[in-house]
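Colleague: model this:
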Amino acid sequence: MDFIMSNNNKGIVTNVHGDVLTIEDIESNDVTEIIMKRGFVEESEIEIGCLVEYDKYKKIVIQEDIN
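Modeller: Numbers count the residues shown, from 1 in each chain. From the prediction side, this is the model:
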């Protein structure tokens with residue numbers, strides 16, 4: 001997937017706890033928590049180490065397993 005042409009934030013999932021993801025932003029290294037029920041990606045698809053793209057409303061729009 002091509003993450004370069006997007007205005008969304010990109011990050012690596014560093015923790016999954018229940019329905020909350022902890023994501024470290026690739027560009028700023030800021031840590032963001034996202035509640036899964038607000039996104040459309042299935043919770044079972046998200047694992048630690050996944051590359052995700054999320055919008056300004058903290059909804060996951062793309063995920064890619066980079067392992």
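
Colleague: what helices or strands is the biggest strand by length in the chain leaning on?
Modeller: Across the chain, the longest stretch assigned as strand under DSSP state E is strand 9-17. Counting contacts by 3 or more Cβ pairs under 8 Å, 6 or more residues apart in numbering; DSSP states H and E, strand 9-17 is packed against strand 20-25, strand 31-35, strand 50-54. The C-beta positions use only the backbone N, C-alpha and C, and glycine is treated the same way.

Colleague: at the geometric centre of the protein, which residue sits there?
Modeller: V52 (3.4 Å; Cα atoms, centre = their mean).

Colleague: comparing the helices and strands packed on strand 9-17, which comes out most buried?
Modeller: Among the helices and strands packed on strand 9-17, ranked by average contacts under mean count of other Cβ atoms under 10 Å, first place goes to strand 50-54 (a mean of 21).

Colleague: quick one: strands adjacent to that strand?
Modeller: With DSSP bridges as the test, strand 50-54 is paired with strand 9-17 (antiparallel), strand 60-65 (antiparallel).

Colleague: mind putting those in a markdown table, mean neighbour count, mean pLDDT and distance to I35 included?
Modeller: Putting the strands paired with strand 50-54 into a markdown table (neighbours: other Cβ atoms under 10 Å; pLDDT from 0 to 100; distance: least, Cβ to Cβ, whole Å) gives the following:
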| stretch | mean neighbour count | mean pLDDT | distance to I35 |
| --- | --- | --- | --- |
| strand 9-17 | 16 | 92 | 11 |
| strand 60-65 | 16 | 78 | 10 |
